[in-house]
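Visitor: kindly generate the corresponding structure for this input.
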Amino acid sequence: MQLIDSICGSNHDFRAMLKSPIIRHEKKLDILAKIFKGKVNALTFAIIDILTRKNREPLLPAIAKEFHVAYNEFKGIGKASVVTAFTLDKDLRGEIENIVKKLSDSKQIELEEKVDKDLIGGFILNVGDRQIDASIKSKLKALKVKFAQNPYLAEIKTN
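Guide: Down below sits the predicted model:
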């Protein structure tokens, strides 16, 4: 299901093909068989086959995504995302996973990494509904707001 989810997430033409009312369902099944047969479990392909025969192949991306979410919940795998200014090395990734484990009480973590050069330094960590923003960019923005609220400047203008 992760393979299906990643292909659906990265390939707009594939999603458009699944939703297309012009392409016949038999042709869609042939395309799906060429892509997934032998690469996914036989039971997974049976689900793809049933969905296609019942004309429900447009639901395949949502089913794959939700299956992955349900699997992670069943296995106790926590999900988190981290945005950094540079690519994480093995040690730093391990430290962030330990932080996430403490925050989420999960034994295993699925960490999604993104690189954003605009952060300058630090990181933004999202775990569930929590966000830890320890980036230089946000600290500079907070400093700018604080300097904009200079009480001495207001006194000078009124005098």
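Visitor: list the buried ones in the one helix or strand L3 maps to?
Guide: Secondary structure assignment for L3, by DSSP states H and E: helix 2-10. By neighbour count with 16 or more other Cβ atoms under 10 Å, helix 2-10 contains the buried residues I4, D5, I7, C8. The C-beta positions use only the backbone N, C-alpha and C, and glycine is treated the same way.
Visitor: before we move on, what about stretch 13-26?
Guide: Of all the residues in stretch 13-26, those buried under the rule 16+ other Cβ under 10 Å are F14, R15, M17, L18.
Visitor: span of that stretch from start to end?
Guide: Using Cα to Cα, to the nearest Å, one end of stretch 13-26 lies 18 Å from the other.
Visitor: so what touches that stretch?
Guide: I7, C8, K28, I31, T52, R53, N55, E57, P58, L60, P61 (Cβ atoms under 8 Å, 6 or more residues apart in numbering).
Visitor: make JSON lines out of the residues you listed and add distance to K144.
Guide: Conversion of the contacts of stretch 13-26 to JSON lines gives the following (distance: Cβ to Cβ, whole Å):
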{"residue": "I7", "distance to K144": "43"}
{"residue": "C8", "distance to K144": "41"}
{"residue": "K28", "distance to K144": "53"}
{"residue": "I31", "distance to K144": "52"}
{"residue": "T52", "distance to K144": "55"}
{"residue": "R53", "distance to K144": "59"}
{"residue": "N55", "distance to K144": "55"}
{"residue": "E57", "distance to K144": "50"}
{"residue": "P58", "distance to K144": "47"}
{"residue": "L60", "distance to K144": "47"}
{"residue": "P61", "distance to K144": "41"}
